[in-house]
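Asks: Fold the following.
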Amino acid sequence: MNIFKKILPLMLVVSMVSSCALFKSAEEEPDNYRVPRFTSLEPIDFKVKQIDVVSEFTPTFTRPNVEHLFPISIERTAKVWARDRLKAVDFGSDRVAEVIIKDASVTEEIEKSQEMFVKDRIKYRANLDVVIRITDTKSLSKAETEVIAWRELIIPADTDITEKEQYWNSMVTKLFNEFNAKMDQNIHRYLNAYIENNNYIENYE
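Replies: Numbering: from 1, shown residues only. Below is the predicted model:
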């Protein structure tokens with residue numbers, strides 16, 4: 001895991017989480033393709049009058065990008081995550097929160113085998129880049145945090161479509177589990193001044 005930090009007028013944090021999965025059994029993966037929900041988690045109450053979810057990601061529908069083939073859309077799941085986890089609770093304030101989806105892509109790469117009797121492989125890389133920005137419309141002060149997350153999956157090139165969809169489903173679910181944990185941490189660490197009844201205690205190591 002690599003974490004990059006950068007200061008904006010108030011604060012900006014850029015974090016990266018990454019993982020790689022290699023030849024996991026498809027039988028272990030769930031066979032339904034419902035968008036992951038986060039309603040079982042305590043929502044984060046922002047002291048803002050509204051929360052806007054904006055996507056700056058535009059799919060190309062052209063290889064090597066294959067996000068349009070996934071039964072679970074990363075872009076849509078990011079929007080669902082924002083609705084499930086973030087709540088506006090200070091409707092009389094001058095503050096607005098934005099959830100900006102900058103990347104929700106998946107790329108595909110064929111890895112040709114150099115050995116006889118060894119199958120070619122396909123490598124998928126799922127990318128998620130989300131910024132949460134809080135702006136005081138009166139003072140124009142801003143604070144934001146960003147998480148860039150990715151996962152890679154490598155499977156045999158002759159994997160059938162049913163198995164592929166199971167792998168893809170698991171890939172997206174795990175991507176968002178990682179993203180949710182890191183973004184939750186970032187929000188409480190760097191946007192804690194905008195959280196209602198915040199009891200978060202920073203643990204400095």
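Asks: So the residue of the chain most remote from its centre, which state does it fall into?
Replies: Most distant from the centre of the chain: M116, at 38.6 Å, with distances by C-alpha atoms, centre = their mean. Secondary structure assignment for M116 (DSSP: H, G, I helix; E, B strand; the rest coil): coil.
Asks: Likewise for V35?
Replies: Secondary structure state of V35, per three-state DSSP, is coil.
Asks: need the contact list for it.
Replies: Listed by C-beta atoms under 8 Å, 6 or more residues apart in numbering, the contact set of V35 reads 72-73, 76-77, 80. For the C-beta atoms, the positions are set from N, CA and C on the backbone; glycine is no exception.
Asks: what about 6 Å?
Replies: For V35, the residues meeting the contact criterion (C-beta atoms under 6 Å, 6 or more residues apart in numbering) are 72, 77, 80.
Asks: any idea how far it lies from E75?
Replies: 11 Å (C-beta to C-beta, to the nearest Å).
Asks: How about F57?
Replies: Taking C-beta to C-beta, one finds F57 at 6 Å from E75.
Asks: residues bridging contact with these two, i.e. touching both?
Replies: By C-beta under 6 Å, 6+ apart, the residues touching both F57 and E75 are 101, 104.
Asks: Give me the distance between L69 and S55.
Replies: With distances taken as C-beta to C-beta, L69 is found 19 Å from S55.
Asks: try I122
Replies: Computed as C-beta to C-beta, the I122 to S55 distance reads 27 Å.
Asks: and for stretch 41-57, what are the contacting residues?
Replies: Outside stretch 41-57, the residues touching it (C-beta under 6 Å, 6+ apart) are 75, 79, 82, 85-91, 93, 95-104, 187, 194, 196.
Asks: Restricted to helices, list those residues.
Replies: Within the contacts of stretch 41-57, residues falling in helices by DSSP state H are 75, 79, 82, 85, 187.
Asks: Just give me the closest of the residues you listed to L128.
Replies: E75 (9.0 Å; C-beta to C-beta).
Asks: Can you give me the distance of the closest residue in space to the closest one that isn't next to it in sequence to L153?
Replies: Closest residue in space to E75, ignoring its immediate chain neighbours: A104 at 3.8 Å, by C-beta to C-beta, 6 or more residues apart in numbering. Computed with C-beta to C-beta, the distance linking A104 and L153 is 16 Å.
Asks: So for I122 and S55, which residue has more residues nearby?
Replies: Neighbour tally, I122 and S55, criterion other C-beta atoms under 10 Å: the higher count belongs to I122, 19 against 16.
Asks: How many neighbouring residues does H68 have?
Replies: The tally of other residues near H68 (other C-beta under 10 Å) stands at 12.
Asks: Then K138?
Replies: Neighbour number of K138 under other C-beta under 10 Å is 9.
Asks: re earlier: let's have the ones in helices among the contacts of stretch 41-57 in a markdown table, adding pLDDT and neighbour count.
Replies: Shown next, in a markdown table, are these (pLDDT from 0 to 100; neighbours: other C-beta atoms under 10 Å):
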| residue | pLDDT | neighbour count |
| --- | --- | --- |
| E75 | 98 | 18 |
| K79 | 98 | 17 |
| A82 | 98 | 22 |
| R85 | 98 | 18 |
| I187 | 97 | 23 |
